[in-house]
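Q: Need coordinates for the below:
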Amino acid sequence: NRNIISEYGEQVVMLGGRILEILSINLGLREDFLLNAFGGENDLGACLRVNFYPKCPQPDLTLGLSPHSDPGGMTILLPDENVSGLQVRRGEDWITVKPVPNAFIINMGDQIQVLSNAIYKSIEHRVIVNSNKDRVSLAFFYNPRSDIPIQPAKELVTKDRPALYPPMTFDEYRLYIRTRGPSGKAQVESLTSE
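A: Predicted structure coming up:
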């Protein structure tokens, strides 16, 4: 039903705004800092995607989604409560995220890493398929407006911790990573060496 999807989107946008406020306060910034850096509540880039992963009799031969970090701000994921499939990288290991009923999973994206000058890190993740169950998830991508330069917050840049990333719009960043192809977190990390 289109109305349900529309209302879901509106509510998730409100949740995303609240999370940005909490992250801003935690960084010692004004509570509206990250939301304003994203373009303000009326100018965000937001997109809802339904992911369907069919069961696969040989799951070890395929990935539902290869390792990557999300290029945008954050992803608010409503996972399938009955089938786990999301894995996050911790060091050299892949940890399977067990879905909690009626709970979202929030993945930090590359733009939050840039704005926080790497105090917050985007999460490298992948999706594995299940041998005997289909899996569905709803991923809501909460992104900055595409034409605003994103750079580390001036308040988080010091002599001891210089700005790690150059200013770049979300459009420029998407083009930047598209030319390199999916490669874990290599794209956002490579910005610090340019």
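
Q: Could you list which residues are in contact with the closest residue to Val157 other than its chain neighbours?
A: With CB to CB, 6 or more residues apart in numbering as the criterion, Val157 has its nearest non-adjacent residue at 4.8 Å, and that residue is Ala163. Every residue, glycine included, has its C-beta placed from N, CA and C. Contact analysis of Ala163 by CB atoms under 8 Å, 6 or more residues apart in numbering lists Asn117, Gln151, Pro152, Val157.

Q: Narrow those residues to just the buried residues.
A: Listed as buried from the contacts of Ala163 are Asn117, Gln151, Pro152; burial here means 16 or more other CB atoms under 10 Å.

Q: the helices in this structure, which residues?
A: Listed in chain order, the helices found in the chain under DSSP state H are 2-26, 33-37, 110-115, 170-178, 186-190.

Q: so which of these comes closest to Pro101?
A: helix 2-26 (17.1 Å; CB to CB).

Q: Now for Ile105, how many residues are close by?
A: 18 (other CB atoms under 10 Å).

Q: quick thing: my sequence starts at 314, can you match it?
A: Will do, 314 is the new start, and the previous item becomes Ile418.

Q: Could you point out the bridge partners of it in the sheet?
A: Leu390 (DSSP bridges).

Q: related to what we said a few turns ago, just so I know, which of the helices of the chain lies nearest Gly386?
A: Put simply, out of those the one that sits nearest Gly386 is helix 423-428, at 4.7 Å, with distance taken as CB to CB.

Q: what are the C-alpha coordinates of the closest one, in PDB please?
A: Output of helix 423-428 as PDB, limited to C-alpha atoms (Å, rounded to 0.1, in the frame of the first residue of the first chain):
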ATOM      1  CA  ASP A 423      31.000   7.400   4.900                       C
ATOM      2  CA  GLN A 424      29.600  10.900   5.100                       C
ATOM      3  CA  ILE A 425      29.200  10.700   8.900                       C
ATOM      4  CA  GLN A 426      32.800   9.400   9.000                       C
ATOM      5  CA  VAL A 427      33.900  12.500   7.000                       C
ATOM      6  CA  LEU A 428      31.800  15.000   9.000                       C
END
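
Q: which helices and strands sit right next to it?
A: With contacts defined as 3 or more CB pairs under 8 Å, 6 or more residues apart in numbering; DSSP states H and E, helix 423-428 has these neighbours: helix 346-350, strand 462-463, helix 483-491, helix 499-503.
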